[in-house]
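return a 3D structure for these sequence lines:
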Amino acid sequence: MLRVGRRSLVAGCVVTLVLVVAVVTLTRGSPQDDNPFVGRDLFVWTGSAAAEAAAEATGEDAEALRGLADTPTAVWLTPEAHGPGDVGAFVEQLVSAADDRAVVLVVYGITDRDCVGEESAGGLEPALYGAWIRAIAGALSGTVAIVLEPDALATVEECADPDERYLLLRDAAAELRDDATVYVDAGHANWIDPEVMAERLRRAGVEQTRGFSVNVANFQADADELAYAERIREDLSDAHYVVDSGRNGAGSTDDWCNPPGRALGVPPAVVDDESALDARLWIKPPGESDGRCNGGPEAGEFWVERALELAGR
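Modelled structure (predicted):
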């Protein structure tokens with residue numbers, strides 16, 4: 001009779017367990033593989049600035065602001081509001097509240113952040129930025145889409161250290177991609193040539209992500225942004241993209257900073273038509289200022305008068 005020792009049985013079980021884990025890992029897939037918005041509602045954060053403004057308003061103003069507050073809108077993560085020590089807890093709070101809904105987060109804290117306009121100046125030094133990104137990544141769960149660093153690539157060649165910025169973006173994308181669907185920001189149609197942007201996206205590691213975002217915090221019309229995105233895809237054929245439609249209902253002017261006369265765009269919605277467009281989203285919260293220009297408050301502050309103007313148009 002063949003005798004099998006206990007040690008051999010244990011070794012066999014370990015090998016089997018390793019194989020099972022390997023198969024599960026291989027079949028689970030990456031968050032970058034599929035459109036994260038298909039079959040899911042979008043998360044509405046009840047703690048938004050629009051919700052706070054609606055609670056303080058009355059009459060028709062309250063109704064208009066409540067409409068903004070009830071529309072799914074991205075939540076921006078900045079180190080000024082939530083640094084490396086507490087950003088993880090904030091993200092955990094959001095994903096826990098979301099349940100099965102898709103959360104859209106904007107990561108906005110890269111070194112020398114607004115190196116051109118200075119309206120959103122700030123960001124973290126490289127070592128702290130890495131720690132901040134790791135804290136965000138460690139708190140992710142459920143279905144999360146991340147728009148990575150608006151304007152970072154559009155302005156990269158005007159910043160003090162372009163190589164450092166490319167490296168920070170690559171590392172951030174690699175850190176976040178295991179637990180979130182990542183879209184690297186690609187500016188908008190009236191800024192950088194699509195061929196140039198495609199190369200910048202490649203240097204920033206877009207191949208390890210779902211793709212890119214366009215028109216974040218800008219006002220370009222949908223048709224122009226779709227054409228721009230598709231031209232980028234001529235060089236990045238596997239990339240998918242999302243469009244910020246929050247404030248582009250009246251198109252754009254040459255003024256990017258709180259231009260008057262703008263309007264809300266189409267409401268956020270998934271696009272499930274086998275195209276490369278995954279969704280139209282409200283990424284820049286309508287009503288939040290672009291900076292101290294055209295009568296606005298500091299960048300990121302909620303501006304009730306402009307919010308009502310957008311909603312009214």
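
for the rest of this, base every contact and every neighbour count on C-alpha atoms.
Fine.

tell me where the stretch 151-300 of the chain has helices.
In the stretch 151-300 of the chain, the helices defined using DSSP state H, counting those that start in this stretch lie at 162-176, 194-203, 222-233.

tell me which strands and helices the second one is in contact with?
Spelled out, that is helix 194-203. With contacts taken as 3 or more CA pairs under 8 Å, 6 or more residues apart in numbering; DSSP states H and E, helix 194-203 sits against helix 222-233.

picking that back up, got a markdown table for the helices of the stretch 151-300 of the chain, with mean pLDDT and distance to G291 too?
What follows is those, written out as a markdown table (pLDDT from 0 to 100; distance: least, CA to CA, whole Å):
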| stretch | mean pLDDT | distance to G291 |
| --- | --- | --- |
| helix 162-176 | 98 | 23 |
| helix 194-203 | 98 | 25 |
| helix 222-233 | 98 | 23 |
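
for G295, find the nearest of the ones you listed.
Closest to G295 of those, according to CA to CA: helix 222-233, at 26.6 Å.

hang on, the earlier thing: so which of the helices of the stretch 151-300 of the chain is nearest D290?
helix 222-233 (19.8 Å).

got the angle for that closest one vs helix 194-203?
Angular relation of helix 222-233 and helix 194-203 on a 0 to 180 degree scale: 60 degrees, by axes from the mean of the first three to the mean of the last three CA atoms, to 10 degrees.

mind checking which helix or strand the most centrally placed residue in the chain is in?
Centre of the chain computed as the mean C-alpha position; nearest residue by CA atoms, centre = their mean is V147, 1.8 Å away. Assessed by DSSP states H and E, V147 sits inside strand 144-148.

helices along the stretch 1-150 of the chain, start to end?
Going by DSSP H, counting those that start in this stretch, the stretch 1-150 of the chain shows helices at 6-28, 49-56, 59-69, 87-98, 126-139.
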